[in-house]
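> Would you be able to build a 3D model of this:
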Amino acid sequence: RESTASVLQKDARRLWHPYTSATRPVPCLAVSRAAGVTLTLEGGEQLVDGMSSWWCAVHGYAVPELDAAAVDQIGSMSHVMFGGLTHRPAVRLAELLVEATPQPLQRVFLADSGSVSVEVAIKMALQYWRAQGVEGRSRLLTVRGGYHGDTFGAMGVCDPVHGMHAEMFGGVLAKHLFAPR
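Numbers count the residues shown, from 1 in each chain. As a prediction, this is how the structure comes out:
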């Protein structure tokens with residue numbers, strides 16, 4: 001078995017991790033297992049994943065019911081694009097979500113991440129005004145201090161002064177309106 005040090009050297013040479021320099025990367029920790037909220041490193045140390053894998057594992061890791069449902073779904077189809085196609089699990093999920101929301105919310109748009117959902121919301125807002133025949137409405141209003149993701153549109157509605165994207169991307173992001181908290 002290859003040593004952890006060797007894997008980490010290859011990682012530093014070949015992978016560019018989020019929020020770090022490509023030329024001077026922040027050192028990584030090698031994870032061998034994940035269960036519940038615990039990440040076990042290759043050396044045996046354990047960490048609590050307080051970020052839920054960037055909010056993607058909110059129920060924890062290795063949850064038997066979720067793992068079984070994923071295996072069952074992958075057995076019939078792992079992924080089908082949603083452009084002009086549908087499938088029973090998506091329709092069933094939409095029905096459950098609509099049952100849990102107030103009456104005016106009767107439609108569901110499925111997205112694969114929080115950042116993508118913000119991108120979709122931005123496009124929906126812009127599309128709304130275009131459908132009304134109103135041109136030129138392209139700025140959004142959000143609250144200063146917010147974090148909405150790391151895709152380009154989502155970064156544009158993150159805090160433009162103190163946000164984590166401000167220094168690197170501030171000059172190229174769309175200019176929106178920010179209300180004080």
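> Out of the helices and strands in this protein, which is least certain?
When the helices and strands of the chain are compared on mean pLDDT, DSSP states H and E, helix 52-55 comes out lowest with a mean of 77.
> May I have that helix exported as PDB, CA atoms only?
Included here for helix 52-55 are C-alpha records, laid out as PDB according to Å, rounded to 0.1, in the frame of the first residue of the first chain:
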ATOM      1  CA  SER A  52     -21.000  18.600   6.700                       C
ATOM      2  CA  SER A  53     -18.700  18.300   3.700                       C
ATOM      3  CA  TRP A  54     -19.700  21.800   2.700                       C
ATOM      4  CA  TRP A  55     -23.300  21.300   3.600                       C
END
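> hmm, who's touching that helix?
Surrounding helix 52-55, the residues in contact under the criterion C-beta atoms under 8 Å, 6 or more residues apart in numbering are V37, V58, G60, Y61, G114. No exception for glycine: its C-beta is placed from N, CA and C like everyone else's.
> Can you tell me which of those lies closest to T23?
In terms of C-beta to C-beta, no member of those lies closer to T23 than G114, at 28.6 Å.
> number of nearby residues for that closest one?
Using other C-beta atoms under 10 Å, the number of residues around G114 comes to 17.
> My read is that it contacts T151, right?
No: here G114 does not reach T151: they are 9.4 Å apart, not a contact under C-beta atoms under 8 Å.
> Show me which of the contacts of helix 52-55 are buried.
Neighbour counting over these (16 or more other C-beta atoms under 10 Å) leaves Y61, G114 as the buried ones.
> From the contacts of helix 52-55, which shows the smallest pLDDT?
Lowest pLDDT within the contacts of helix 52-55 is found at V58 (82).
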